[in-house]
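Engineer: Here is a sequence with its predicted model. Questions after.
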Amino acid sequence: MGREATITPEQVHAVADAIKAEGSKPTLRAVRERLGQGSMGTIAKLLQQWKAGQERQAAAELVLPPALQRAVLDFMAAELSATRAPLEAELAEQQQTAADLAAENERQADTITEQGEALDALAAEKAAAEGKAGQLAADLIGAKEEAVHERQAAEAARTELAKATLRLEAMPRLEADLAAIRAELAKERQGRIEAEQQAAVLTAQKADLEGRLVDAKKEAERTAAQLQRAQERAEQQAEALADARVTIQTAQARAEDLAGQVEQARKDAKAAGEEAAILRGQIAAQGERPASATAPKSKTPKA
């Protein structure tokens, strides 16, 4: 199967034009590095096409006078005639070489692709073989484990068989033990009946005690309610007593204040009485002095 081309002529021509515009020569290696992909043979063919187009464009751009053009054309025709044959032969050889190189490159690329596909197929086969080998190994391990389990089961069966044989040999003794166990079971059954009867009595006592407990709880709740009301009344009386104490303290303070005012009034009255007495004394003294000053002097009779 041939490999599809991934490089188009337009890509090669665009890269060559860009390299030429930068002032560099568009070589095969430079174009390949710019593209980053594609085979060297394909790029070489497309680059040759671009170079041929560039030569035709350069020839078309030459504009000379007709006479000079004819002279130049005649000279070029003569020179071309002299050199065309070897150049054409060399060009044909180079083109054939380039074509051969391109074909060989493409063939090698196809070979590489086919080898890669073959390697992928081999890798898939290897993975499948490894998976099958892993499955076989797992099956082998499972078989070994199953054999071990079967061996263990056989060993356990032999052990159980030996135990069963021993039990059969000890059957008479086991029957005697069974009779003793049955007697013990009868005793336990009788004890259980008695325990159930005692449990019934205890249940009835429990129900009676629970009823008494409910009554006691109700009585306690009533007592607590009465206590709460008594506490509330005591708190109210305590508040009233506190208010009375505050009122008494206020009255005592007012009485003390009034007593102080009365004492001060007494002191003021006493001082006023003393001042009044002084004033009365002063007034009396002043009244006696004018009377003695105005009285007539008595005359002594002559002898």
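Structural biologist: Arrived safely. If you're wondering where the values come from, they're calculated on a predicted model, not measured in any experiment. Numbers count the residues shown, from 1 in each chain.

Engineer: Which secondary structure element is home to the residue nearest to the spatial centre of the chain?
Structural biologist: Taking C-alpha atoms, centre = their mean, the centroid of the chain lies closest to residue 131, which sits 41.2 Å from it. Secondary structure assignment for residue 131, by DSSP states H and E: helix 66-169.

Engineer: Tell me the confidence at the residue nearest to the centre of the chain?
Structural biologist: We note a pLDDT of 88 for residue 131 in this prediction.

Engineer: Also residue 166?
Structural biologist: Residue 166 is given a pLDDT of 82.

Engineer: Make 214 the starting number, not 1.
Structural biologist: With 214 as the first residue, the last one maps to residue 379.

Engineer: now the stretch 364-513 of the chain, which segments are flagged as low pLDDT?
Structural biologist: Applying pLDDT under 70 to the stretch 364-513 of the chain flags the ranges 502-513.

Engineer: what about 80?
Structural biologist: 377, 380-387, 447, 454, 457, 464, 500-513 (pLDDT under 80).

Engineer: Helices along that one, start to end?
Structural biologist: For the stretch 364-513 of the chain, the helices defined by DSSP state H, counting those that start in this stretch occupy 384-507.

Engineer: tell me the angle the helix holding residue 344 makes with helix 384-507.
Structural biologist: Put simply, helix 279-382 runs at 110 degrees to helix 384-507, going by axes from the mean of the first three to the mean of the last three C-alpha atoms, to 10 degrees.

Engineer: Which elements pack onto helix 279-382?
Structural biologist: helix 253-274 (3 or more C-beta pairs under 8 Å, 6 or more residues apart in numbering; DSSP states H and E). Heads up, the C-betas are built off the backbone N, CA and C, glycines and all.

Engineer: rewinding a little: could you measure from the residue nearest to the centre of the chain over to residue 337?
Structural biologist: For residue 344, the distance to residue 337 equals 10 Å [C-beta to C-beta, to the nearest Å].

Engineer: Check residue 253 too.
Structural biologist: From residue 253 to residue 337 the distance is 31 Å (C-beta to C-beta).

Engineer: go on, residue 410?
Structural biologist: Residue 410 is 84 Å from residue 337, by C-beta to C-beta.

Engineer: ok, now residue 477?
Structural biologist: 130 Å.

Engineer: Kindly report the same for residue 388.
Structural biologist: In terms of C-beta to C-beta, residue 388 sits 73 Å off from residue 337.

Engineer: Residue 232 now?
Structural biologist: Taking C-beta to C-beta, one finds residue 232 at 43 Å from residue 337.

Engineer: Looking at these two, which is more packed in?
Structural biologist: Neighbour tally, residue 232 and residue 337, criterion other C-beta atoms under 10 Å: the higher count belongs to residue 232, 17 against 10.

Engineer: I'd say the more buried one and residue 245 touch.
Structural biologist: No - the criterion here is C-beta atoms under 8 Å, and residue 232 misses it with residue 245 at 11.5 Å.
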